[in-house]
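Visitor: I'll drop the sequence and a predicted model, then ask my questions.
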Amino acid sequence: MNEPPLLFLDANALASPVTRTLLIAGARADGLRWTWSEHVEIEADRHARGQASRTSTVRTRILGTELSPTAPTTTGLVTSTVADQQVIADAIHAGARYLITTDVDDFDFGDLAAHDMNAVNPDYFMALRFTEQAYQEGVALLAAVQQSPSRTEAEIHRMLGRRHPHLAARFADSYNTTPVSTPNQVNEPGYAPTITPRQADGGHEKIPGGGQVAAR
């Protein structure tokens, strides 16, 4: 029996509590695996707003998960910066199928392709791969921890239209309210994406502005 795909979460996906919660809750609901390395966690913590939102705090006190091992070398990688080379090396070392990052273009396509890995924007990834149950799990958790002011699940769903427009659009009918649209959202390439048939180029789906996602 094949193991479910492993998601390697980059620091920019982890530093946002909303994005982090949606990714982890949704992945857990859909039976996907996720991880990140010490290098990534340090960078995510550096951008955290307050102790409670630090990725290391969430991982150790709430999730109870271990960090993925640090890759011993970045030799052979051509991704431009040393920091990004370590990220992709750690993802490769972990055996990740997807590198979830808001900076898709920072990672060399050759490095990714050589290791059968795809770098994907979190909003696009969740819109393309998550089930409605996974989305609702994430929304419910966000509503449960939201304070000052507290918000209902429907209110969280509505607000996510600005933060994660493609995800909210995919599941627009999940709650009795309409997600708030970002300016010119309907004209944005890739708006409200759907799963497309497998393409000829190695079984990948092209996602405008969102990287590449391997077909199911």
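Guide: Nice, thanks for sending it over. All values reported here derive from a predicted model rather than from experimental measurement.

Visitor: and the next helix or strand past the strand or helix carrying Ala83?
Guide: Assessed by DSSP states H and E, Ala83 sits inside helix 82-94. On the C-terminal side of helix 82-94, the nearest following helix or strand under DSSP H and E is strand 98-100.

Visitor: need the contact partners of the following helix or strand past that following strand.
Guide: Next in sequence after strand 98-100, counting helices and strands by DSSP H and E, comes helix 109-114. Helix 109-114 is contacted by residues Leu77, Val78, Thr79, Ile88, Leu99, Asn118, Ala119, Gly202 when judged by C-beta atoms under 8 Å, 6 or more residues apart in numbering. In this view, the C-beta of every residue, glycine as well, is placed from N, C-alpha and C.

Visitor: run through this protein and note the low-pLDDT ranges.
Guide: Applying pLDDT under 70 to the chain flags residues 1, 52, 182-216.

Visitor: which residue ranges form the strands in it?
Guide: For the chain, the strands defined by DSSP state E cover 6-9, 33-35, 98-100, 118-120, 204-207, 211-214.

Visitor: picking that back up, just checking, what packs against the helix holding Ala83?
Guide: Counting contacts by 3 or more C-beta pairs under 8 Å, 6 or more residues apart in numbering; DSSP states H and E, helix 82-94 packs against strand 6-9, helix 38-46, strand 98-100.

Visitor: any idea how many residues pack against the closest residue to Thr152 other than its chain neighbours?
Guide: In this structure, Thr152 finds its nearest non-sequential neighbour in Ala143, 6.1 Å apart by C-beta to C-beta, 6 or more residues apart in numbering. Look at Ala143: counted by other C-beta atoms under 10 Å, it has 16 neighbours.

Visitor: list the contacts for Ala143?
Guide: Per C-beta under 8 Å, 6+ apart, neighbours of Ala143: Ser150, Arg151, Thr152, Glu153, Glu155, Ile156.

Visitor: only whichever of those are buried, select them in ChimeraX.
Guide: To isolate the buried members of the contacts of Ala143 in ChimeraX, using 16 or more other C-beta atoms under 10 Å:
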select :153,155,156
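
Visitor: and the gap between Tyr175 and Arg151?
Guide: Distance, Tyr175 to Arg151, by C-beta to C-beta, to the nearest Å: 12 Å.

Visitor: find residues that contact each of those two.
Guide: With the criterion set as C-beta under 8 Å, 6+ apart, the contacts of Tyr175 and Arg151 do not overlap.

Visitor: tell me who's in contact with the residue lying closest to Gly31 once chain neighbours are set aside.
Guide: Leaving out its chain neighbours, the residue that sits closest to Gly31 by C-beta to C-beta, 6+ apart is Pro4, at 5.2 Å. Residues counted as contacts of Pro4 (C-beta under 8 Å, 6+ apart) are Gly31, Leu32, Arg33.
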